[in-house]
Structure formats: structure tokens, C-alpha cells
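Chemist: all I have is the shape, not the residue letters:
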């Protein structure tokens, strides 16, 4: 993905690509939470990965290109500290919540409404077998 962004050069619509990535990421995550087929779930995860790399790469590229040369190092330091610091803070509440209500519902909580569920879909995925 980084090679793709580097090949764009002075492409003027990098903000639109960032907006596309920020739209695709939650959309693919919500689609992933509703899919019950393994091959479709894998395709959704590929879409999540592409959207995630698009968001990360475009955000970093825009911050670096918009910051003045004298402040670029400081700006990138603050950006990296806040961005990667807050990503890990989500795990503090998501892991216990996923144990209580299920991983699919926890991922879907990024939206205000719950995604529509099929009537024949189980409330939770079956538990993985444990070794004796």
C-alpha cells in the first residue's frame, strides 16, 4: 500500500483517499460481524486490511506533507504518540466486553445501531473445543 501511495506523487486527492478508507474500514468491519460464512469473512478481513492500511498510510502522508519542514519531526512525534497510544486504550474495555456479550457484538458497537441479524443466526459463535 505504501508503494501505491508513493507512486501517486503529487496526487491532489489524497484527502479523498483518506475519506474512502475511513468509510470502508467501519463498513467492512460491520459486514464482517454479520457474515456467517468463513470464505466471505476472509474476504471481509481482506477489505478491513486494505482499508486500515489506506487510512494509516494516507493519514501519515498528509501529516508529513502538510507540516512545515522545521516542525515535521515534532508534529510526527506528537501524531505517533497520540495515535498509537490511543489505539491500545480501546483494548482495555473491549476484551472484557467481548467476553460478556460476544466478539461480533463488541466489534459492531462502533456504530450506534446494532446491525440487522438473521433470525436463524445464533446469538454467539460456538465455543472452541478445549484439550483435556
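Modeler: Good, I have the coordinates. It should be emphasised that the depicted structure is a prediction, and the values quoted were computed from it without experimental measurement.
Chemist: what distance do you get for residue 58 to residue 52?
Modeler: 11 Å (Cβ to Cβ, to the nearest Å). No exception for glycine: its C-beta is placed from N, CA and C like everyone else's.
Chemist: ok, these two, which is more surrounded?
Modeler: residue 58 (22 against 16; other Cβ atoms under 10 Å).
Chemist: now the more buried one: closest residue in space, sequence neighbours ignored.
Modeler: residue 18 (4.0 Å; Cβ to Cβ, 6 or more residues apart in numbering).
Chemist: quick check: buried residues in the helix or strand hosting that neighbour?
Modeler: Assessed by DSSP states H and E, residue 18 sits inside helix 14-34. Using 16 or more other Cβ atoms under 10 Å as the test for burial, helix 14-34 gives 14, 17-18, 21, 24-25, 28-34.
Chemist: then stretch 42-57?
Modeler: Going by neighbour count (16+ other Cβ under 10 Å), the buried part of stretch 42-57 is 44, 47-48, 51-55, 57.
Chemist: average pLDDT across that stretch?
Modeler: Model confidence over stretch 42-57, given as mean pLDDT, is 89.
Chemist: which one's the longest helix in this structure?
Modeler: helix 38-66 (DSSP state H).
Chemist: quick one, it and helix 14-34 angle?
Modeler: 160 degrees (axes from the mean of the first three to the mean of the last three Cα atoms, to 10 degrees).
Chemist: ok, then the element right after helix 38-66?
Modeler: Following helix 38-66 toward the C-terminus (DSSP H and E): helix 72-89.
Chemist: next secondary structure after that following helix?
Modeler: Following helix 72-89 toward the C-terminus (DSSP H and E): helix 91-101.
Chemist: what average pLDDT does that next one get?
Modeler: 80.
Chemist: output the lowest mean pLDDT helix or strand found in the chain.
Modeler: Lowest by mean pLDDT, DSSP states H and E among the helices and strands of the chain is helix 2-8, with a mean of 67.
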